[in-house]
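# Pasting the sequence and the predicted model now:
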Amino acid sequence: MPTVLVVDDDFMVADIHRRFVDHTPGFTAVGVAHSAAAARTSITELTPDLVLLDVHLPDASGLDVLRTLRAEKNPVGVIMITAARELDTVADALSGGAADYLIKPFEYPQLRDKLDAFAARFDALSSGQADQSLVDSLFGAAARPDQSTSDAARLPKGLSPETGGVVLGQMTGGAELSATECAEAVGISRVSARRYLEHYLACGVLDVRLQYGRAGRPERRYRAR
């Protein structure tokens, strides 16, 4: 049973994440820390198998904690859990040896998937011997790209990949938006937002739910699949 240390400067958020961990079969939270210094101390004292590590801590970056762990040859698994969306931050986490990266806000099933993936690697590395298929799975060797992802990248004439990426970026963390709400968030017209949303819906990237009001046509509300 992998043990987990939760590190987040927000006391309420840290407690929510701790309860998420304890709610996930096969995992148990052994501690909570709210600063980089407390995280280092807790990792030394509690020797967890996994750390859910925030980037923005009051005394240092979580990335600094990650680098220190790896410099000390500490093999503890680390999943970065943060609101930081900058690609250079993601790249630093990846090159620093983070096992995964989860952007706030998120819903419990997203964290559960990350934990389950860690548990699968944890069990595999405890098996004592590897074949090529196991090695491929551990190093993330991908099979044939998903067709919906390929289709989503081929935007119809008049739609730009840059704006499309911003539209999809609004759908993180379980967000559900109408075309009007998406248009306001992105800064484009409602008609344009609807075109992007319907394209990604047709490609299987988004789902749609019809919300019925008291009168008139139902509102189409989109969310990531």
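Great, that's in hand. Residues are numbered from 1 along each chain as shown.
# Which elements pack onto the longest helix along the chain?
Looking across the chain with DSSP state H, the single longest helix is helix 108-125. Secondary-structure packing of helix 108-125 (3 or more Cβ pairs under 8 Å, 6 or more residues apart in numbering; DSSP states H and E): helix 11-23, strand 50-53, strand 77-82, strand 100-103, helix 132-138. Where C-beta positions appear, they are placed from N, C-alpha and C, glycine not excepted.
# which other residues reach the fourth one?
It stands for strand 100-103. 79-85, 90, 93-94, 110-111, 114, 117-118, 172-173 (Cβ atoms under 8 Å, 6 or more residues apart in numbering).
# Mind checking which of these are buried?
With neighbours counted by 16 or more other Cβ atoms under 10 Å, the contacts of strand 100-103 contain buried members at Ile79, Met80, Ile81, Thr82, Ala84, Val90, Ala93, Gln110, Leu111, Lys114, Phe118.
# For the fifth one, give me phi and psi.
Phi and psi for Ala84, reported as degrees, to the nearest 10, are phi -70, psi 120.
# close enough to count as contact, it and Asp54?
No - at 9.0 Å, Ala84 does not count as touching Asp54 under the criterion of Cβ atoms under 8 Å.
# sorry, back to before: considering the buried ones among the contacts of strand 100-103, which member attains the minimum pLDDT?
Per-residue confidence across the buried ones among the contacts of strand 100-103 is lowest for Ala84, with 80 (pLDDT).
# contacting residues for it?
Here Ala84 is in contact with Val55, His56, Val90, Ile103 (Cβ under 8 Å, 6+ apart).
# cutoff 7 Å now
Shown in contact with Ala84 (Cβ atoms under 7 Å, 6 or more residues apart in numbering): Val55, His56.
# if I look at it, how far off is Ala39?
Using Cβ to Cβ, to the nearest Å, we find Ala84 at a distance of 17 Å from Ala39.
# returning to what we had before: for Ala224, find the nearest of the helices and strands packed on helix 108-125.
Smallest distance to Ala224 across these (Cβ to Cβ): 12.0 Å, for strand 100-103.
# Kindly format the C-alpha coordinates of that closest one as PDB.
Extracted C-alpha coordinates of strand 100-103, given in PDB (Å, rounded to 0.1, in the frame of the first residue of the first chain):
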ATOM      1  CA  ASP A 100       3.200  13.200 -13.100                       C
ATOM      2  CA  TYR A 101       1.700  16.700 -13.100                       C
ATOM      3  CA  LEU A 102      -1.900  17.700 -12.200                       C
ATOM      4  CA  ILE A 103      -3.200  21.200 -12.800                       C
END
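# Measure how far that strand is from the centre of its chain, please.
Centroid separation for strand 100-103 versus its chain: 4 Å, with Cα atoms, centre = their mean, to the nearest Å.
# Please name the bridge partners of the spatially most central residue of the chain.
With distances taken as Cα atoms, centre = their mean, Leu102 lies nearest the centre of the chain, 2.5 Å away. Judged by DSSP bridges, the bridge partners of Leu102 are Ile81.
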